[in-house]
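Novice: coordinates only, sequence not included:
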């Protein structure tokens, strides 16, 4: 099943957004990651992360984010699509 998540994530300034995207691409089944910086303050950045793939597990994504010092604020959108 094709799955897409739109996540609101909080991270410190380091690691940078490119590193976050690269790390998320390492998760099994991930085909595409888009990271957009929503807000910056003195110590943190708020990101909107759009992640797409096949049979994705939100739990694995959250664990991966925690491993790079990022915190999930909310799951803003979920799309599930049956393949052909």
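Specialist: Happy to help now that I have it. Since the structure is predicted, the reported quantities are computational estimates derived from the model, not experimental observations.
Novice: please identify the helix or strand for the residue nearest to the spatial centre of the chain.
Specialist: With distances taken as Cα atoms, centre = their mean, the chain has residue 49 as the residue nearest its mean C-alpha position (4.4 Å). Using DSSP states H and E, residue 49 sits within strand 44-54.
Novice: helix or strand next in line after that strand, which one?
Specialist: helix 58-67.
Novice: which elements pack onto that next one?
Specialist: If contacts are counted by 3 or more Cβ pairs under 8 Å, 6 or more residues apart in numbering; DSSP states H and E, helix 58-67 sits against strand 2-12, helix 17-25, strand 71-81. Where you see a C-beta, it was placed from the backbone N, CA and C, and this is true even at glycine.
Novice: for residue 45, find the nearest of these.
Specialist: Proximity to residue 45, assessed across the helices and strands packed on helix 58-67 by Cβ to Cβ, is greatest for strand 2-12 (5.5 Å).
Novice: show me what stretch 49-65 is in contact with.
Specialist: 1-7, 9, 20-21, 23-24, 26-36, 71-72, 75, 83 (Cβ atoms under 8 Å, 6 or more residues apart in numbering).
Novice: for it, measure first residue to last.
Specialist: Across its full length, stretch 49-65 reaches 11 Å end to end, with Cα to Cα, to the nearest Å as the criterion.
Novice: quick check: buried residues in that stretch?
Specialist: Within stretch 49-65, the residues that count as buried by 16 or more other Cβ atoms under 10 Å are 49, 50, 51, 52, 53, 56, 61, 62, 64, 65.
Novice: would you quantify the distance from residue 7 to residue 82?
Specialist: 22 Å (Cβ to Cβ, to the nearest Å).
Novice: so those two - more neighbours on which side?
Specialist: Comparing residue 7 with residue 82 by other Cβ atoms under 10 Å, the one with more neighbours is residue 7, at 23 against 6.
Novice: show me what the nearest residue to that one once chain neighbours are set aside is bridged to.
Specialist: With Cβ to Cβ, 6 or more residues apart in numbering as the measure, residue 49 is the residue that lies nearest to residue 7, at 4.5 Å, once sequence neighbours are left out. Each beta-bridge partner of residue 49 is listed here: residue 7, residue 35, as defined by DSSP bridges.
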